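> let me see the structure of the following:
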Amino acid sequence: MTNVVVGLLWAILAAGMMFVVSLPINLQTHLVVGGVVLALMIIIKLLGLGGTWRLIALGLGTALVLRYVYWRTTNTIPPINQPENFIPGVLLYLAEMYSVFMLALSLFIVAKPLPSRKPPLLDDADLPTVDVFIPSYNEEPSLLADTIAAAKAMDYPQDRVKVWLLDDGGTLQKRNSDDVIAAQAAQKRHVELQKLCEDLGANYLTRERNEQAKAGNLNNGLAHSTGELVAVFDADHAPTRNFLRETVGFFRQERKLFLVQTPHFFLNPDPLERNLRTFEKMPSENEMFYGIIQRGLDKWDAAFFCGSAAVLSRAALQETNGFSGVSITEDCETAVELHSRGWSSVYVDKPLIAGLQPATFASFIGQRSRWAQGMMQILRFRFPPLKRGLSIPQRLCYMSSTLFWLFPFPRTMFLIAPLFYLFLDLQVFTASGGEFLAYTMSYVMVNLMMQNYLYGRFRWPWISELYEYIQSIHLLPAVISVMLNPRKPTFKVTAKDESVTVARLSELSSPFFIIFGVLLFAVGVTAWRLYAEPWKADVTLVVGGWNILNLIFAGCALGVVSERREWTSTRRIKVHRRCEFGDGETWLPATIEDVSVNGARLRVHGQEAERLIAEGRSGLRFKLLSSDATGTLPVVIRNHAKEGGIYVIGCQYERSEPEHHRLVADLVFANEEQWTKFQTARRRNPGVVIGTVWFLRLALFQTWRGLTYFFRQMRAPAESARS
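Residues are numbered from 1 along each chain as shown. Modelled structure (predicted):
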């Protein structure tokens, strides 16, 4: 009865809002109302009011957005008897309505997300048995060794956990390949990884044929294991010591739980963060999803499997004959199927793994193309909006997750729409420049304010638009391809542990420079039209301003595709950990300042350090987090400096036996607090105004940097020819 009353109240409020937004008002009244709404939203934000006030602010913003939608629908679409104007006009209108619809879904999902969950604590006797799966295809043994060592070091009774390396790079099919070189490489990998697993105490498993990609590999692991639960880590996702303690307890609380998902934390920046140098000071792209959206999905029991850093129920997977393999995104597809069968999921908002993400722009686009195509396959083959068994909120949540990947279509339309008018004199909307500016500016400002309310500390102004633009250029053909042939895409493994040794333009950069040139030429056309057609100055100024906004994004993208050189092969993480530095009988007190998977930087006390530095090799002795034992890790000294009586030493690990991998895993991955501190340090909300100013400065600098790379590359062939 209560739900019925609440539903009626919402229906009455919705009807009242629709009546208000459809009232005929003049332009001046709209500007006044828009100004009042913006002022109220700003005041609520500045006062730091949350809870109901936050919902009121979002409601006010929604009313203004609906007012814009009503105006666009009833006043601006070109007449149908002018097809040259009507067709592009309707395409632009549909692109805008897609954006409004996705905003509405976002409001439903994240207006009031769940707080972070605390794990249930279990006695060792009550802990379930767990099989840890590490699927692998072509990763280097050194990378796999770190992940296996970290998995083996997890705080969990050893008789209740088994670690499995699922090797799809050494299958019988590959070892018997007609390509002799490929067959020999697969055989060598097969033997080498068997030895690695034996040394580290893990189980090695491969299969006869590479069928159904990652889903088939995981299902082969299920067929050869017996644990109540299955933990899945990508080959480059090393877990912290507490991963299982923080996750498995939920399965004892709820019998029909199929998934506990944790966020993906990355040690290295993605290409945008590296090339724009924002990794240490701005939240990563994935933090908006894992920090807000997954918590919002969790509220509606729709948090889904993300392929790694998760624990799943074997009983649930047996109900669906294992992991789904119809699409190339087996993770989300499996979650859709299990949610539709009445199983539940839980999201734990705590970074409990540290992984690697694509370092080059080409690999980044390859990864996103697979995600986009996989989600389109799920939309085609599973169609969550009509999937039997899903609740209405779950349908809306999966609609949001899948339909999001259609963004290349509206983003492309927003890019080319001003050019219809500037180059072809097409009227894609029927309104004066003043009307368009007034309604659009109020809509854009309210949209920015609402995004700031929803994602303020997790996504800065205009960054989402930049990410969508840089992906749209190459994702648009990928999405169209899967729409035309849903079964065409095949699973491609994302490149791991890449590095950029030379500053260069990405091999995918050409379209971005062409688009920048076209938009820059359109600025000149705008100036000419203002001079030649002064009676159209209001419309020309508005459309020209829109084109300049696109030019700002296009210029910033030039910096994204201008790959900076990586001076270190792996990202260093700041830590503060006591240790000893020395060899034999001489051990000096030291502090570890930062670590990576390859080396560490120390501050060493004592004059004996000079002798150790001169010898070039030494040892790093420290107490393990995973036990009370002390381990010694051999190191090679790469650089040093003296600061007063303290020596600052940069060293590289020398890993010659299995124990050394365990020590590196303990040093780098065991403590999840360092990941939380790192994320918290860059989660701040600059606000809409300061964030916009910051983005404009960033875009101007990156435009200059991108053009510098371009002209430098253009000069290189000529100089080479002269020499």
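
> and the helices in the stretch 1-150 of the chain?
2-21, 27-46, 52-75, 83-110, 141-152 (DSSP state H, counting those that start in this stretch).

> so for the shortest one, what's the average pLDDT?
For helix 141-152, the mean per-residue pLDDT is 93.

> in that helix, what counts as buried?
143-152 (16 or more other CB atoms under 10 Å). Using the backbone N, CA and C atoms, a C-beta is placed for each residue, glycine as well.

> dump it to CSV, keeping only the CA atoms.
Extracted in CSV, the C-alpha atoms of helix 141-152 (Å, rounded to 0.1, in the frame of the first residue of the first chain):
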residue,chain,number,x,y,z
PRO,A,141,56.0,-14.7,-17.2
SER,A,142,57.5,-11.9,-15.1
LEU,A,143,54.1,-10.1,-15.0
LEU,A,144,52.3,-13.3,-14.2
ALA,A,145,54.8,-14.1,-11.5
ASP,A,146,53.8,-10.9,-9.6
THR,A,147,50.1,-11.6,-9.9
ILE,A,148,50.5,-15.3,-8.8
ALA,A,149,52.8,-14.3,-5.9
ALA,A,150,50.3,-11.7,-4.7
ALA,A,151,47.4,-14.1,-5.0
LYS,A,152,49.3,-16.7,-3.0
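
> can we start the residue count at 8 from this point?
With 8 as the first residue, the last one maps to helix 148-159.

> check contacts around residue 280.
With contacts defined as CB atoms under 8 Å, 6 or more residues apart in numbering, the neighbours of residue 280 are 286, 289, 291-292.

> and it, how close does it get to residue 689?
The gap separating residue 280 from residue 689 is 10 Å, by CB to CB, to the nearest Å.

> same deal with residue 233?
Residue 233 is 42 Å from residue 689, by CB to CB.

> mind checking which of the two has more residues around it?
Legend: neighbour count by other CB atoms under 10 Å for residue 233 and residue 689, higher for residue 689 (15 against 9).

> mind giving me the domain split of the chain?
131-364, 580-675 (automatic domain parsing).

> ok so residue 266 is a helix residue?
No - Residue 266 is assigned strand when assessed by DSSP: H, G, I helix; E, B strand; the rest coil, not a helix.

> who does it bridge with?
residue 319, residue 352 (DSSP bridges).

> that one touches residue 312, doesn't it?
Yes - here residue 266 reaches residue 312: they are 5.5 Å apart, a contact under CB atoms under 8 Å.

> average pLDDT for the helix or strand where residue 323 lies, rounded please.
Secondary structure from DSSP states H and E places residue 323 in helix 321-326. Helix 321-326 shows a mean pLDDT of 95.

> so where do the strands sit in the stretch 108-257 of the chain?
Assigned by DSSP state E, counting those that start in this stretch, the strands in the stretch 108-257 of the chain fall at 137-143, 168-174, 210-212, 236-239, 245-246.

> for the stretch 258-407 of the chain, same thing?
264-268, 317-320, 351-354, 360-361.

> what is the longest one packed up against?
Using 3 or more CB pairs under 8 Å, 6 or more residues apart in numbering; DSSP states H and E as the contact criterion, the neighbours of strand 264-268 among helices and strands are helix 257-260, strand 317-320, helix 321-326, helix 337-347, strand 351-354.

> circling back to that earlier point, who touches both of residue 280 and residue 689?
In contact with both residue 280 and residue 689: residue 289, using CB under 8 Å, 6+ apart.
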